[in-house]
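Engineer: Predicted coordinates and the sequence they were generated for:
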Amino acid sequence: MTSSDCLALLMQHDRFLILTHARPDGDTLGSGAALCSALRRAGKAAFLYPNGQTAAHFADLTAPYLAPAGFEPGFVVAVDTADVKLLAAGWTGAVQLCIDHHPSNTGYAAQTLLRAGSASCGEIILSLIEQLHGAPTPEEASLLYVALATDTGCFQHSNAGADAHRAAARLIDAGADAGALNRRLFCSSSAARLQLEGRIFSSLRIFHEGKTVFAVVTQQMLRECGAAEDDCDDLATLPGRLRGVEVYITIREQDDGSCRVSARSAGRADVCALCRRFGGGGHVLAAGCTLEGPPDAAVERLLAALEEQTA
């Protein structure tokens, strides 16, 4: 599907409900909210599906767009969500359109606008808004900057290529306050978050002469640090700070006994292939999956699979 096809499809419908993914990050929330705003500017009724897992520091971004109780959508759009099983908890209906940048997208929606080369879904939404309205509003630009900055790790990740920087420049020109947003997103932490980071760093599990690193976050660690969900954003990047690391994997124990796995590659290893072996997916350099059982068992399984993959 082309961008023009996508816009034509959107303009044919009304009463939009926009879905985000489970454990929503800045990309899915910023992209969804910006698309919602742009559709409203086009005269459409548009709302975000209320995602109960939205962290407190993102809540003000989505609050103006949340669907009221009893809203009946005429057209459902998912953003930044590669698989139907990853959609926000509570949604069980069909999805007419998916806008995504994950190469592992399963094609679950009736139609899909997929741009796997984009660093964030926000870049795709920006392009759609520019085609529809000429430029984003300052609020839309800020929402899309959140999407782009969070998915590139404040432009530190290898996916932050020239296109990502050009998109950021257009968003700044449109009114996004990059400095203020960067300070909010990357330079402000609670005491509980800082304590949690200390526990994570002091318990890193290092293999292959420092080239493979696992960070384990247990429920006990969260309790002892007094950490809430809002303190757990972007934990996946922490073990990547170790000099010389090539693959870094964060394993977070869930309250149901499973483990949420976030895998990252510094450039050589394909962590999407690794996570696909366990029913997950994502990008070559950033992927995830869920494993049943305790964290120690998850480390063993992932380490064995990684060694087999690179043998």
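Structural biologist: Nice, I can see it. Numbers count the residues shown, from 1 in each chain.

Engineer: Can you check what pLDDT the model gives residue 113?
Structural biologist: Residue 113 carries a pLDDT score of 98 in this model.

Engineer: Report the distance from the host helix or strand of it to the chain centre.
Structural biologist: Applying DSSP states H and E as the criterion places residue 113 in strand 111-114. For strand 111-114, the gap between its own C-alpha mean and the chain's C-alpha mean amounts to 17 Å (Cα atoms, centre = their mean, to the nearest Å).

Engineer: and the helix or strand following that strand, which residues are buried?
Structural biologist: If you walk from strand 111-114 toward the C-terminus, the next helix or strand you reach (DSSP H and E) is helix 121-133. For helix 121-133, the neighbour count (16 or more other Cβ atoms under 10 Å) marks 121-129, 132 as buried. Glycine gets a C-beta too; all of them are placed from N, C-alpha and C.

Engineer: could you say what helices and strands helix 121-133 packs with?
Structural biologist: Applying 3 or more Cβ pairs under 8 Å, 6 or more residues apart in numbering; DSSP states H and E, we find helix 121-133 packed against helix 3-11, helix 26-41, strand 97-100, helix 138-151, helix 162-173.

Engineer: Let me have the ones you listed in TSV, adding mean neighbour count and distance to residue 302 as columns.
Structural biologist: Conversion of the helices and strands packed on helix 121-133 to TSV gives the following (neighbours: other Cβ atoms under 10 Å; distance: least, Cβ to Cβ, whole Å):
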stretch	mean neighbour count	distance to residue 302
helix 3-11	15	36
helix 26-41	26	24
strand 97-100	26	25
helix 138-151	26	23
helix 162-173	17	29
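
Engineer: Let me have the ones you listed in TSV, adding distance to residue 300 and mean pLDDT as columns.
Structural biologist: Converted to TSV, the helices and strands packed on helix 121-133 look like this (distance: least, Cβ to Cβ, whole Å; pLDDT from 0 to 100):
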stretch	distance to residue 300	mean pLDDT
helix 3-11	44	97
helix 26-41	31	98
strand 97-100	32	98
helix 138-151	30	97
helix 162-173	36	97
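
Engineer: Minimum distance to residue 194: which of the ones you listed has it?
Structural biologist: Closest approach to residue 194 among these (Cβ to Cβ): helix 138-151, 19.5 Å.

Engineer: rewinding a little: pull up the pairing partners for the strand holding residue 113, direction included.
Structural biologist: Looking at strand 111-114 with DSSP bridges, its partner strands are strand 97-100 (parallel).

Engineer: Can you tell me what sits against the partner strand?
Structural biologist: The list of residues contacting strand 97-100 from outside it, by Cβ atoms under 8 Å, 6 or more residues apart in numbering, reads 6, 9-10, 31, 35, 75-82, 105, 108-115, 121, 124-125, 128.

Engineer: Tell me how far that strand lies from the chain's centre.
Structural biologist: Between the mean C-alpha position of strand 97-100 and that of its chain there is a distance of 14 Å (Cα atoms, centre = their mean).

Engineer: go on, stretch 14-22?
Structural biologist: Distance, centroid of stretch 14-22 to centroid of chain: 15 Å (Cα atoms, centre = their mean).

Engineer: Helices of the chain, residue ranges please.
Structural biologist: Per DSSP state H, the chain carries helices over the ranges 3-11, 26-41, 56-62, 121-133, 138-151, 162-173, 178-186, 191-202, 219-225, 271-276, 295-310.

Engineer: May I see the ones you listed arranged in a markdown table, with distance to residue 283 as well?
Structural biologist: Output for those, formatted as a markdown table (distance: least, Cβ to Cβ, whole Å):
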| stretch | distance to residue 283 |
| --- | --- |
| helix 3-11 | 21 |
| helix 26-41 | 12 |
| helix 56-62 | 22 |
| helix 121-133 | 12 |
| helix 138-151 | 10 |
| helix 162-173 | 13 |
| helix 178-186 | 20 |
| helix 191-202 | 23 |
| helix 219-225 | 27 |
| helix 271-276 | 6 |
| helix 295-310 | 16 |
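
Engineer: Tell me which of those helices lies nearest to residue 259.
Structural biologist: When those are compared by Cβ to Cβ, helix 295-310 sits nearest residue 259, at 4.4 Å.

Engineer: contacting residues around residue 51?
Structural biologist: For residue 51, the contacting residues are 20, 22, 24, 29, 62, 88-89, taking Cβ under 8 Å, 6+ apart as the criterion.

Engineer: Now do the nearest residue to residue 42 once chain neighbours are set aside against residue 62, distance only.
Structural biologist: Excluding the flanking residues, the one nearest residue 42 by Cβ to Cβ, 6 or more residues apart in numbering is residue 132, at 6.3 Å. Taking Cβ to Cβ, to the nearest Å as the criterion, residue 132 is separated from residue 62 by 21 Å.

Engineer: for residue 42, same thing?
Structural biologist: Distance of residue 42 to residue 62, given as Cβ to Cβ: 20 Å.
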